[in-house]
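[1] Here is my input; please provide its structure:
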Amino acid sequence: MVLGGGPAGSCAATQLARLGHSVALIDKARHPRETVGESILPSAWKYFDLLGVTQLVEREGFVKKAGGVVAWENELAEIAFRDFDYDRPGLHVERAALDHLLLNNARDAGVQVFEGVKAESFIGRDEGAEVRLRDDESKDLGCVRCRFLVDATGQSSFVARQLGARRLDSDFRFVALWGYFTESRYVSSGGVVRRFEDMPDHPPVTFVSSLGEWGWAWHIPLRNDTSVGIVVPVERYKSGGEAETSRERYFLNTCMSTRYLGQLLEGAHLANGGGRIMRDYSYEPDKIAGPGYFVIGDAAGFVDPIFSVGVVIALYSGQLAAWAIDASLRRPSQAPKYRSLFETQMRGRYELSRTMALPTSDNSSEASRGARLYFDFVSKSEKNLMWSAASMTTRSGNLLRTAGPNRLPPPLKRRNLSELRFE
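    Numbers count the residues shown, from 1 in each chain. Here you go, the predicted structure:
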């Protein structure tokens, strides 16, 4: 059984069904449903290929992004994906549409999908898991037994909360506020600012701007509107008098007073229900695999999303869980070994993402062993992209320490810009 119909859950369910296993996917929401996280790296395409949805994603017509432009403190720089041996673009997606597409693909693969059903509790054992479910319409409760439970519940962190094992990450005490704007201008390659209607001829980039020492803002043009968000330390948010009286006013004023971002939003309008908020969103469970269960995607840990790795990690973790479960079912005596391998790989991937995003000026801190081990599995091209992207912020020292004192980082592939050029 898989809990959660986001990219991680749909990926795991699809792959397990194709391997010949009976799979039920349970989601408390009904799709399509809104969620944030619209910027996707080009490495997602290899997972789309594996899932057999590449043509569906292409046909959907999501916005293709060329790279990223970052305004960090007093520097402005750009990276282009074509410089990192990627032959396909990054994407700006409406997550409601992408997640629904992946969920329907799971249905087509033979997965039984139940929406509007919430997991209330579970018990994990070596012989399997027992999950108590509640239907939102009938309010009926029932218990279901399964050989393995896959927790892909995202920020809800179902298993971790049930086990009392969800720990907030004290190094990422942030508040995120975001909303969707119509009629915003956007940034294209070369730092050229264009009208929204010019996107078909001039692909956009993801634009990121620093907000003080550790905060930052994003600007992601989509097909019909633009996702804009700010990430600020909890202390800074609480100290702002505006935030206490009007969350939306604080959000808008911060956006409009930020260099470049305010200019991009001149004449734009906040739509679709105003601003959203998420507090203390970074966490890590003490356990991500145990007797009868695996935890994947955001449920397995979440850090500052500054480098847009969320969807790729979700798809990666779904593939990894499907492999571990299939192997465990075929060789039950080796199940603890496969569980351990899954946990080692997932921890390493999470810790590498955390190391990249960690907002610290402590040059003496050591990268975790897991991050260093996983870094060795990353291709040269991906390492180059990581290093070049991190160098555009003040967070690159953490990645340098991960590479190790005896290994120089790959050469930077970034272009320094003097100003954004408004057309």
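[2] From now on I want contacts and neighbour counts done on CA atoms only, so please keep to that.
    Will do.
[3] is it fair to say residue 229 lies in a helix?
    No - using DSSP: H, G, I helix; E, B strand; the rest coil, the secondary structure at residue 229 is strand, not a helix.
[4] pretty sure it is touching residue 218, no?
    Yes - with contact defined as C-alpha atoms under 8 Å, residue 229 counts as touching residue 218 (5.3 Å).
[5] where do the contact lists of those two overlap?
    Shared contacts of residue 229 and residue 218, defined by C-alpha atoms under 8 Å, 6 or more residues apart in numbering, are absent.
[6] distance between the ends of stretch 87-103?
    Start-to-end span of stretch 87-103 (C-alpha to C-alpha, to the nearest Å) is 26 Å.
[7] what residues does that stretch touch?
    Under the contact criterion C-alpha under 8 Å, 6+ apart, stretch 87-103 has outside partners 5-7, 10-11, 31-43, 45, 53, 56-57, 62-67, 81-82, 220-222.
[8] So which of these sit within helices?
    7, 10, 11, 45, 56, 57 (DSSP state H).
[9] Could you measure from residue 111 over to residue 150?
    Per C-alpha to C-alpha, residue 111 is found 14 Å from residue 150.
[10] The stretch 1-150 of the chain: strands as residue ranges?
    2-3, 24-27, 39-40, 63-65, 67-72, 75-80, 90-92, 112-115, 117-125, 128-135, 141-146, 149-151 (DSSP state E, counting those that start in this stretch).
[11] Give me the contact list for the second one.
    If I follow you right, that is strand 24-27. By C-alpha under 8 Å, 6+ apart, the residues outside strand 24-27 that reach it are 1-5, 9-10, 13, 111-119.
[12] switch the cut-off to 6 Å
    With C-alpha atoms under 6 Å, 6 or more residues apart in numbering as the test, strand 24-27 has contacts from 1, 2, 3, 4, 5, 111, 112, 113, 114, 115, 117.
[13] got it, and the longest one?
    Applying C-alpha under 6 Å, 6+ apart, the external contacts of strand 117-125 come out as 27, 28, 129, 130, 131, 132, 133, 134, 135, 136, 291, 292.
[14] How many residues are close by residue 50?
    For residue 50, the neighbour count with other C-alpha atoms under 10 Å is 12.
[15] Check the one 3 residues further on too.
    The number of residues packed around residue 53, counting by other C-alpha under 10 Å, is 16.
[16] least trustworthy helix or strand in the chain by mean pLDDT?
    Sorted by mean pLDDT, DSSP states H and E, the helices and strands of the chain end with helix 241-245, the least confident at a mean of 62.
[17] Name the stretch from the strands of the stretch 1-150 of the chain that approaches residue 261 most closely.
    Closest approach to residue 261 among the strands of the stretch 1-150 of the chain is made by strand 67-72 (9.6 Å; C-alpha to C-alpha).
[18] how about low-confidence regions in this protein?
    Scanning the chain for pLDDT under 70 picks out 240-245, 360-367, 405-408.
[19] which residue is nearest the middle of the chain?
    With distances taken as C-alpha atoms, centre = their mean, residue 310 lies nearest the centre of the chain, 1.7 Å away.
[20] if I look at residue 79, how far off is residue 420?
    Look at residue 79 and residue 420: by C-alpha to C-alpha, they are 14 Å apart.
[21] The two - which one has more neighbours?
    Taking other C-alpha under 10 Å, residue 79 and residue 420 do not tie; residue 79 has more neighbours (24 against 17).
[22] For burial, what's the neighbour tally of the residue lying closest to that one once chain neighbours are set aside?
    Nearest non-adjacent residue to residue 79, counting by C-alpha to C-alpha, 6 or more residues apart in numbering: residue 414, 4.8 Å away. For residue 414, the neighbour count with other C-alpha under 10 Å is 19.
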